[in-house]
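Visitor: dropping the sequence and predicted coords here.
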Amino acid sequence: MRFLFVGDSMTIGSAGDFTWRYRMWQHLEATLGAGGYTITGPRTGLYDAEAGAPLSHDYGDPGFPAAARRHLAGWGEGWLHMAPVIADEVEAARADVLLVSLGLIDLGFYTNSEQTAANVRQFIAGARTANPHVKFVLLPVIPNVRAESDAPFAAECDRFNTLLAKAVADLDTPASPVLLASRPTDYDIRTDTYDGTHPGPSGEHRLAGAFADAMHQAWGVGGPYAGALTAA
């Protein structure tokens, strides 16, 4: 299986982060074993805040293998940005499974819930033009600090999550299944993030666990997530 991580700032991570991609790599190593999977994608870097660009390779664990660092994630990128390019990226990466965490940046800066949901549908259609049998695991928008203080924004997040669930129900097929991962269990922005939005170590584990458990429960891939919900 060839996994492609697709996401925004919570997925690319910034200099010094472990990232939930790292936690997922550990899970895949433990459950599928070396040679049982591939992580693919066109990028490998972390966001460098000083440079304002994804130029850092300063991962929390320097031993994170270069091949496992690959991804399609960007600081400030959302469904709006990924939908037009995903067909080419899936074809180039020969991806089989897309693990997607997007939506917060769209709703915060670019599109309303209905427009964002339309981009989800465009994304899925585009990926299928490159691989008619591609599988998807989509994470809903998770708790964040802005939603705590901005009621209209919180309502848009809830509305989008409802529309995302409908898109999953409408577009799921046996040939190209679409899963909606559950929101991470017990996710708390005070303890699982370092700024109310971006995951710290325990948040990284919870995000990886949401994807891992969805794949195990629905498809029998890997096993239940067993990563420690503590600092690395």
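Guide: It's in. Note that the coordinates shown come from a computational prediction; the quantities given were computed from them, not determined experimentally. Residues are numbered from 1 along each chain as shown.
Visitor: name the residues linked to the residue most central in space within the chain by a beta bridge.
Guide: What sits nearest the mean C-alpha location of the chain, by C-alpha atoms, centre = their mean, is residue 101, with 3.0 Å. For residue 101, the beta-bridge partners are residue 7, residue 139 (DSSP bridges).
Visitor: and residue 102, how far is that from residue 12?
Guide: Applying C-beta to C-beta, to the nearest Å, the value for residue 102 to residue 12 is 12 Å. Quick note: C-beta positions are derived from backbone N, CA and C, even for glycine.
Visitor: host element of residue 168?
Guide: According to DSSP states H and E, residue 168 maps onto helix 151-171.
Visitor: who's in contact with that helix?
Guide: Identification of contacts with helix 151-171 by C-beta atoms under 8 Å, 6 or more residues apart in numbering yields 103-104, 107-108, 112-114, 116-117, 120-121, 124, 138, 140-141, 144, 146-148, 178-180.
Visitor: ok, 10 Å please
Guide: Residues outside helix 151-171 that contact it (C-beta atoms under 10 Å, 6 or more residues apart in numbering): 79, 102-104, 106-108, 111-118, 120-121, 123-125, 128, 136-144, 146-148, 150, 177-181, 183.
Visitor: taking the residues you listed, please make a PyMOL selection of just the buried ones.
Guide: Provided next is the PyMOL selection string for whichever of those are buried by 16 or more other C-beta atoms under 10 Å:
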select buried, resi 79+102+103+104+106+107+108+111+113+116+117+118+120+123+124+128+136+137+138+139+140+141+142+143+144+147+177+178+179+180+181
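Visitor: among the contacts of helix 151-171, name the ones in helices.
Guide: Secondary structure assignment (DSSP state H) places 79, 104, 113-118, 120-121, 123-125, 128, 146-148 from the contacts of helix 151-171 within helices.
Visitor: residue 124 and residue 102 touch, don't they?
Guide: No: using C-beta atoms under 10 Å, residue 124 is not in contact with residue 102; the gap is 12.0 Å.
Visitor: shared neighbours, the two?
Guide: With C-beta under 10 Å, 6+ apart, residue 124 and residue 102 have common neighbours 83, 138.
Visitor: let me see the confidence value for the nearest residue to residue 110 once chain neighbours are set aside.
Guide: Setting aside the residues directly before and after it, residue 110 is nearest to residue 80 in space (C-beta to C-beta, 6 or more residues apart in numbering), at 4.9 Å. At residue 80, the pLDDT value in this model is 98.
Visitor: could you give the number of residues near residue 200?
Guide: 15 (other C-beta atoms under 10 Å).
Visitor: and it, what does it touch?
Guide: 17-18, 191-194, 231.
Visitor: what about 6 Å?
Guide: Residues near residue 200 by C-beta atoms under 6 Å, 6 or more residues apart in numbering: 193-194.
Visitor: next one: the one 3 residues further on
Guide: Residue 203 makes contacts with 192-193, as judged by C-beta under 6 Å, 6+ apart.
Visitor: for it, helix, strand, or coil?
Guide: helix (DSSP: H, G, I helix; E, B strand; the rest coil).
Visitor: wait, the residue nearest to residue 110 touches residue 118, no?
Guide: No: Residue 80 is beyond contact range of residue 118, at 9.9 Å (criterion: C-beta atoms under 6 Å).
Visitor: and residue 54, that one's in a strand?
Guide: Yes: under three-state DSSP, residue 54 falls within a strand.
Visitor: per-residue confidence at residue 230?
Guide: 48.
Visitor: against residue 6, how distant is the closest residue in space to residue 8 that isn't next to it in sequence?
Guide: Closest residue in space to residue 8, ignoring its immediate chain neighbours: residue 105 at 4.7 Å, by C-beta to C-beta, 6+ apart. In this structure, residue 105 and residue 6 are 13 Å apart, going by C-beta to C-beta.
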